[in-house]
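Enquirer: Please find the sequence and the predicted model below.
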Amino acid sequence: MADKYPTAELIGVVVQQNNDGGYKPQKGPLTLSDFHSWRIGKHTKGKLADAGQLFLTENGLTVMLVAINELAFKKRHTITPMGRFLTVKIDAAVLADVIAVYTQLQSN
């Protein structure tokens, strides 16, 4: 099908910029309900990189990418599309902390 485009489920947590110009999770401590799913849409701008990349939602929220899951093209409408990938990445220490929390919450 010529109209197909790459799809992926993006698991992320909303972040905010701190006074140092870095980013940190908006809420703390994080719970499983703080991690949400978005997907790449047909009109998504930018390129998907890896965990730690920031992106904007269609509502203008800044989100840190925590995990990427495969998403079948025919199931894409069950997940909200995101808006734009940013070239900014989160600090490695913050990323490691958030991924550790996410992994622990997923295993419980």
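Expert: Perfect, thanks for sending it. Numbers count the residues shown, from 1 in each chain.
Enquirer: mind listing the helices for this protein?
Expert: For the chain, the helices defined by DSSP state H occupy 92-107.
Enquirer: Identify all contacting residues around stretch 87-98.
Expert: 13, 15, 22-25, 30, 46, 49, 51-54, 64, 66 (C-beta atoms under 8 Å, 6 or more residues apart in numbering). Yep, even glycine has a C-beta here, placed from its N, CA and C like the rest.
Enquirer: if we go to 7 Å?
Expert: 13, 22-25, 30, 51-54, 64, 66 (C-beta atoms under 7 Å, 6 or more residues apart in numbering).
Enquirer: Just the buried positions in that stretch, please.
Expert: Residues of stretch 87-98 classed as buried by neighbour count (16 or more other C-beta atoms under 10 Å): 89-90, 94-95, 98.
Enquirer: Show me which of those is closest to residue 78.
Expert: residue 98 (24.5 Å; C-beta to C-beta).
Enquirer: Tell me how far that closest one lies from residue 24.
Expert: 9 Å (C-beta to C-beta, to the nearest Å).
Enquirer: and if you look at residue 14?
Expert: With C-beta to C-beta as the criterion, residue 14 and residue 24 are 11 Å apart.
Enquirer: Tell me which of these two has more neighbours.
Expert: The neighbour comparison of residue 14 against residue 24 (other C-beta atoms under 10 Å) goes to residue 24, with 18 against 15.
Enquirer: quick one: contacts for that one?
Expert: Applying C-beta under 7 Å, 6+ apart, the residues contacting residue 24 are 15-16, 18, 94.
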